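S.K.: need a 3D model of the sequence below.
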Amino acid sequence: MIALIENSTKIKHRLESLHMLREISINFENFGGERDSLISFFENLLISDTDELIRNEAALILFHENEEKALNPMRWALHHEESPLCLQTILNSLIKIVENLIQKKEPIAKLIMVHEIKQIKDKDFKIGFETLKSTKEAGDFTLRALADILINYFVLVYLKKSYWRLKYRIEQCKILELDFIFKGLTKLPNAIKHLRYLKKLTLRYNQITELPDWIESIRDLESLNLNVNNINMLPATIGSLSHLEELLLWKNELQYLPDSICSLLSLKYLNLRLNQLKFLPYDIGNLISLLELNLHDNKLTEVPESISSLKLLETLNLSWNLLTTLSSSITNLKSLKSLNIERNELSEIPESIGSLTSLEILNIGDNKLENVPETIGSLKNLKILNISRNRLTSIPNSILSLENLEELYLSDNNLDIDSTFMKKLIDKGLKIYF
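M.R.: Residues are numbered from 1 along each chain as shown. Reported below is the predicted structural model:
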């Protein structure tokens, strides 16, 4: 059987022979030799065979039949292998070996792990481990901590071999940031799920269509950038990312959001512009840490009343949607500094707009407004006001009381403004755009 594997030119026959060896409970004495010789045979296949299917099968057999002795050849193969199929198998095997070491008796497992870490030549990991050792003895490391160092290292080697010019940041032997910009990805690399300490993941400008359920395993993630992809839905598990502060999904194909997204209580920045959203989750107001919400260019016809609970929200962009009314719930957002509702179907603005006393920028241009309420004069911090491209014939006198107003956009209306009133506006030093 071994001779067939070594000498046959038919890959099918070679694989069948390897499969038979894998399925049998191997004791090489039954084949007239020593077990170690058989292990060496599989190692040689893994390291030097010219066919990736044979190398992959050899890796699987080595892991299943002699896990402890597989560590060294697997590590060597990870650095020298080029086949994506084999690299994935090797990485998975190495991670399982390390995880299983945690179950071994502690002194032996620690010795093995520390020995493996000392073999690492990568500068970031060498310096990181020396830094960690300066604060504690090698024997003081927990098995979990040592395992995490090895897993992060193995994953980095795999990713660097798989993705050209990968950008990343490492601190104390932990991968904290990964940037896959313009890598042609259609899905997330599975290897990422092992990076428990990853804080920032950038996947913008790819062709990703969906996120895997295992996204929840990146438990420390703080920033997830998926701008400019083809994602049409998010998994419910995204709601488990309790540390997430920034979720960027600009220009995707989302038609709805899972209710679980409302569980992201640490979320500060949510960008959903240029999607296909027709509605928002009812409990969107649960995102109590939210500072910025961008919903530009979707298909929204209304906004949930719960949005009034976003007490910290400073920037709200609802431009280029299909809103016919501006909910009074929005006018309860006392921290709001910028409100953009340009290019909707609004025919009126509620009197309660005057309660947004923190507002500095208000864009209500390109709607169907025939008047603007006098209460707009209560916006004492307003600096920029855009009421262009509406059906206005006049503007409220209260605009004169906006002491901080710097820019006023009035173009494409049917305005008939008294010259005396206009002079007063000009005398205030306003930049007026007709």
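S.K.: from here on, just use CA atoms for contacts and neighbour counts.
M.R.: Fine.
S.K.: so what's the residue count around Tyr269?
M.R.: 20 (other Cα atoms under 10 Å).
S.K.: could you do the one 4 residues further on as well?
M.R.: Arg273 is surrounded by 23 other residues when neighbours are defined as other Cα under 10 Å.
S.K.: that one reaches Leu248, doesn't it?
M.R.: No: the criterion here is Cα atoms under 8 Å, and Arg273 misses it with Leu248 at 9.0 Å.
S.K.: ok, longest helix in the protein?
M.R.: Counting residues, the longest helix found in the chain (DSSP state H) is helix 143-162.
S.K.: same for it, what does it pack against?
M.R.: helix 67-80, helix 84-101, helix 106-118, strand 174-179 (3 or more Cα pairs under 8 Å, 6 or more residues apart in numbering; DSSP states H and E).
S.K.: what comes up buried for the third one?
M.R.: What that stands for is helix 106-118. For helix 106-118, burial by neighbour count (16 or more other Cα atoms under 10 Å) applies to Ala109, Lys110, Ile112, Met113, Val114, Ile117.
S.K.: would CSV of the residues you listed with distance to Arg391 be doable?
M.R.: Shown next, in CSV, are the buried residues of helix 106-118 (distance: Cα to Cα, whole Å):
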residue, distance to Arg391
Ala109, 76
Lys110, 75
Ile112, 76
Met113, 73
Val114, 74
Ile117, 71
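S.K.: for Leu392, give me the pLDDT.
M.R.: Predicted confidence (pLDDT) for Leu392: 97.
S.K.: identify the residue nearest Cys86 in space, chain neighbours excluded?
M.R.: Asn56 (5.0 Å; Cα to Cα, 6 or more residues apart in numbering).
S.K.: now do the helix or strand containing that neighbour against helix 67-80, angle only.
M.R.: Element membership of Asn56 [criterion: DSSP states H and E] is helix 52-65. Inter-element angle recorded for helix 52-65 and helix 67-80: 150 degrees (by axes from the mean of the first three to the mean of the last three Cα atoms, to 10 degrees).
S.K.: hmm, Tyr205 and Phe182 touching each other?
M.R.: Yes: applying Cα under 8 Å as the test, Phe182 and Tyr205 come out as touching, 5.2 Å apart.
S.K.: tally of neighbours for Thr324?
M.R.: For Thr324, the neighbour count with other Cα under 10 Å is 16.
S.K.: got the contact list for it?
M.R.: Neighbouring residues of Thr324 by Cα atoms under 8 Å, 6 or more residues apart in numbering: Thr301, Glu302, Asn344, Glu345, Leu346, Ser347.
S.K.: for Phe434, give me its contacts.
M.R.: Taking Cα under 8 Å, 6+ apart as the test, what Phe434 contacts is Tyr409, Leu410, Ser411, Asp412.
S.K.: low-scoring stretches of the stretch 1-150 of the chain, by residue?
M.R.: Residue ranges of the stretch 1-150 of the chain with pLDDT under 70: 1-4, 7, 22-35, 137-139.
S.K.: what sits against Leu316?
M.R.: By Cα under 8 Å, 6+ apart, the residues touching Leu316 are Glu292, Leu293, Asn294, Leu295, Leu336, Ser338, Leu339, Asn340.
S.K.: and stretch 306-313, how far from the chain's centre?
M.R.: Distance of stretch 306-313 from the chain centroid (Cα atoms, centre = their mean, to the nearest Å) equals 24 Å.
S.K.: buried sites along it?
M.R.: Across stretch 306-313, burial judged by 16+ other Cα under 10 Å covers Ser306, Ile307, Ser308, Ser309, Leu310, Lys311, Leu312, Leu313.
S.K.: which two among those are spaced furthest apart?
M.R.: Using Cα to Cα, the two most remote members of the buried residues of stretch 306-313 are Ser306 and Leu312, lying 13.6 Å apart.
S.K.: strands along this structure, start to end?
M.R.: 167-171, 174-179, 200-202, 223-225, 246-248, 269-271, 292-294, 315-317, 338-340, 361-363, 384-386, 407-409, 431-433 (DSSP state E).
S.K.: who does the second one touch, helix- and strand-wise?
M.R.: What that stands for is strand 174-179. The helices and strands touching strand 174-179, judged by 3+ Cα pairs under 8 Å, 6+ apart, are helix 143-162, strand 167-171, strand 200-202.
S.K.: can you dump the C-alpha atoms of the longest one in PDB for me?
M.R.: Spelled out, that is helix 143-162. As requested, the backbone C-alpha atoms of helix 143-162 are provided in PDB (Å, rounded to 0.1, in the frame of the first residue of the first chain):
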ATOM      1  CA  LEU A 143      -2.100  27.700  29.700                       C
ATOM      2  CA  ARG A 144      -4.800  29.900  28.100                       C
ATOM      3  CA  ALA A 145      -2.400  32.800  27.800                       C
ATOM      4  CA  LEU A 146       0.300  30.700  26.200                       C
ATOM      5  CA  ALA A 147      -2.200  29.000  23.900                       C
ATOM      6  CA  ASP A 148      -3.500  32.500  22.800                       C
ATOM      7  CA  ILE A 149       0.000  33.600  21.900                       C
ATOM      8  CA  LEU A 150       0.500  30.500  19.700                       C
ATOM      9  CA  ILE A 151      -2.900  30.700  18.100                       C
ATOM     10  CA  ASN A 152      -2.500  34.400  17.200                       C
ATOM     11  CA  TYR A 153       0.900  33.600  15.700                       C
ATOM     12  CA  PHE A 154      -0.300  30.700  13.700                       C
ATOM     13  CA  VAL A 155      -3.300  32.700  12.400                       C
ATOM     14  CA  LEU A 156      -1.100  35.600  11.400                       C
ATOM     15  CA  VAL A 157       1.300  33.300   9.500                       C
ATOM     16  CA  TYR A 158      -1.700  31.800   7.700                       C
ATOM     17  CA  LEU A 159      -3.300  35.200   6.900                       C
ATOM     18  CA  LYS A 160       0.000  36.700   5.600                       C
ATOM     19  CA  LYS A 161       0.500  33.800   3.300                       C
ATOM     20  CA  SER A 162      -3.100  33.900   2.100                       C
END
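S.K.: got the angle for it vs helix 106-118?
M.R.: Inter-element angle recorded for helix 143-162 and helix 106-118: 30 degrees (by the same axes, to 10 degrees).
S.K.: helix 143-162: how far from the chain's middle?
M.R.: The answer for helix 143-162 is 20 Å, by Cα atoms, centre = their mean.
S.K.: any chance you could list what contacts it?
M.R.: Contacts with helix 143-162, where a contact means Cα under 8 Å, 6+ apart, come from 78-79, 82, 84, 87-88, 91, 94-95, 98-99, 102, 106, 109-110, 113-114, 116-117, 125, 166, 173-175, 191-192, 194-195.
S.K.: returning to that earlier point: output the helices and strands packed on helix 143-162 as TSV; include the columns distance to Leu257.
M.R.: Shown next, in TSV, are these (distance: least, Cα to Cα, whole Å):
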stretch	distance to Leu257
helix 67-80	39
helix 84-101	32
helix 106-118	43
strand 174-179	25
